[in-house]
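K.L.:
here are the coordinates; sequence isn't available:
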């Protein structure tokens with residue numbers, strides 16, 4: 001798998017930076033972030049630079065508890081978590097809704 005992007009601690013991962021790394025996958029990222037914000041009002045999306053991994057990660061939190069982390073990689077993003085199957089089903093439904 002390709003190495004994580006977003007390795008510069010001085011460059012915050014805004015939409016322009018994310019778009020440069022994600023390309024066409026940016027649309028899927030926007031759908032994911034929007035679904036977190038609108039469908040799950042108790043969740044928040046936070047970007048933080050982690051020195052141990054030397055990269056920015058997106059952390060989805062409920063209050064102070066981390067629900068998942070999202071890593072940006074060239075042309076894709078990954079979401080390591082315990083409910084991977086549910087996420088795959090959700091992403092599939094988002095892609096189908098956009099067709």
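P.N.:
That came through, no problem. Note that the structure is a prediction, hence the values are computed from the model and not measured. Numbering: from 1, shown residues only.
K.L.:
Every contact and neighbour count from this point should use C-alpha atoms.
P.N.:
OK.
K.L.:
Show me what the spatially most central residue of the chain is bridged to.
P.N.:
Centroid check for the chain by C-alpha atoms, centre = their mean gives residue 70 as the closest residue, at 4.1 Å. Counting by DSSP bridges, residue 70 is bridged to residue 58.
K.L.:
Sketch out the low-pLDDT regions of the protein for me.
P.N.:
The chain contains residues with pLDDT under 70 at 1-4, 75-99.
K.L.:
ok, now with 80
P.N.:
For the chain, residues meeting the criterion pLDDT under 80 lie at 1-4, 39, 73-99.
K.L.:
and residue 9, what is it in contact with?
P.N.:
49, 54, 55, 56 (C-alpha atoms under 8 Å, 6 or more residues apart in numbering).
K.L.:
same check, this time on residue 6
P.N.:
Contacts of residue 6 (C-alpha under 8 Å, 6+ apart): 13, 55, 56, 72.
K.L.:
Same list (those residues) but as CSV, adding neighbour count, distance to residue 24 and secondary structure.
P.N.:
Below are those laid out as CSV (neighbours: other C-alpha atoms under 10 Å; distance: C-alpha to C-alpha, whole Å; DSSP: H, G, I helix; E, B strand; the rest coil):
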residue, neighbour count, distance to residue 24, secondary structure
13, 22, 17, coil
55, 18, 22, strand
56, 23, 20, strand
72, 23, 13, strand
